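Visitor: I need the structure of the sequence given here:
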Amino acid sequence: MTGQAQEFAFFPAQVVGTCRLGPTMLRVTFGGAALAGFASGGRDQSCSLFLPHPGQPEPLLPHRDGEGWFAAWRALPASERAVMRSYTVRARRAEPPELDVDFALHGTDPDDPSPAGPAARWAAAAAPGDRVVLLGPAVADNRSVGFRPPEGTRTVLLLADETALPAVGGILEWLPAGARALVWIEVPDAADIQDLSDAEQVDITWLIREPGAPSRLLTSLREAELPADALYAWIAGEAGTVKALRRHLVRERGLDRRAVSFAGYWRRGASEDRLREEAYGETS
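Guide: This next block holds a predicted model:
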């Protein structure tokens, strides 16, 4: 854990502003002097965000140093300890030190029958001055960046749903001029479409998912013509869909599994708390 303490650090911050990006997405901008040490915000840089429960002035973390913070955090009652969620850093600025995190507001609309999670509820009500803590990179090259195309890559393939939309935006901004990218992004509403890139070599296909319908990403990928070589794929979104997309690329398309980076950002029917319980045997 010594390496982790050097690679990542805790950063107290506060909300400085919010911006609605569409029916599903809300951008929250965090600021604070401590964020001057937050070392990376490009590509699909992820961080852990600690949020307070309603009525708490700040997220409750027993301590923020050394190896024991996670065990101490887990030992607290779930109704009191800080809500911990993983998010992509959409953008980072040095002066003043700020960073943007985009939230998917599933379940916060009165007409949405799905239940809202604690992070979505917090984001929907976020206001300047609200205090949070981030666990993020203290060094620029860190293991929380998954997008790493190998040398010689000529085409990048990006497959994502709305939860990975911030990462796609960060990746496209990071790509060198002239890089070729084939992108499929699925969102629940046409108004969630964003202007991510106008580069000539970036081809973005937006898919609108009907309420209650399965993902359209796999069907669209099966119908697509892909380059025969020097292709690197990055996939993120719902875990089951990610698994199916990766299987198609490796088994049916013959893509080297080492040329496919993938991440399940969420799993249908399971909250992040539930996934953590499964991983660590937590029952509180």
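
Visitor: from memory residue 243 sits against residue 263, does it?
Guide: No: the pair residue 243 and residue 263 fails to qualify as a contact (CB atoms under 8 Å) at a distance of 11.0 Å. (Glycine included, C-beta is placed from N, CA and C.)

Visitor: For the two, work out which one has more neighbours and name it.
Guide: residue 263 (19 against 13; other CB atoms under 10 Å).

Visitor: So which elements touch the helix or strand encompassing the more buried one?
Guide: Using DSSP states H and E, residue 263 sits in strand 260-266. Packing partners of strand 260-266 (3 or more CB pairs under 8 Å, 6 or more residues apart in numbering; DSSP states H and E): strand 231-238, helix 239-247.

Visitor: Next, the angle helix 239-247 makes with the first one.
Guide: With axes from the mean of the first three to the mean of the last three CA atoms, to 10 degrees defining the directions, strand 231-238 sits at 160 degrees from helix 239-247.

Visitor: if we can go back for a sec, burial-wise, tell me which of the helices and strands packed on strand 260-266 comes out on top.
Guide: Of all these, strand 231-238 has the most neighbours on average by mean count of other CB atoms under 10 Å, namely a mean of 24.

Visitor: who does it touch, helix- and strand-wise?
Guide: Using 3+ CB pairs under 8 Å, 6+ apart: strand 231-238 touches strand 155-161, helix 239-247, strand 260-266.

Visitor: 10 Å instead, please
Guide: Using 3 or more CB pairs under 10 Å, 6 or more residues apart in numbering; DSSP states H and E, the elements in contact with strand 231-238 are strand 155-161, helix 165-174, strand 180-187, helix 217-223, helix 239-247, strand 260-266.

Visitor: which stretch among the ones you listed comes nearest residue 32?
Guide: helix 165-174 (20.1 Å; CB to CB).

Visitor: which residues in the stretch 1-150 of the chain form strands?
Guide: Counting by DSSP state E, counting those that start in this stretch, the stretch 1-150 of the chain has strands at residues 8-20, 25-31, 46-51, 83-93, 98-104, 131-137.

Visitor: Give me the buried positions along the longest one.
Guide: Within strand 8-20, the residues that qualify as buried by neighbour count (16 or more other CB atoms under 10 Å) are 8-13, 15, 18.

Visitor: ok, what's across the strand from the residue nearest to residue 101 when sequence neighbours are not counted?
Guide: The shortest distance from residue 101 to any non-neighbouring residue, by CB to CB, 6 or more residues apart in numbering, is to residue 87 (4.9 Å). For residue 87, the beta-bridge assignment (DSSP bridges) gives partners residue 47.

Visitor: Okay, residue 87 and residue 80: tell me how far apart.
Guide: Separation of residue 87 from residue 80 (CB to CB, to the nearest Å) stands at 22 Å.

Visitor: Most distant residue from the centre of this structure?
Guide: residue 228 (29.2 Å; CA atoms, centre = their mean).
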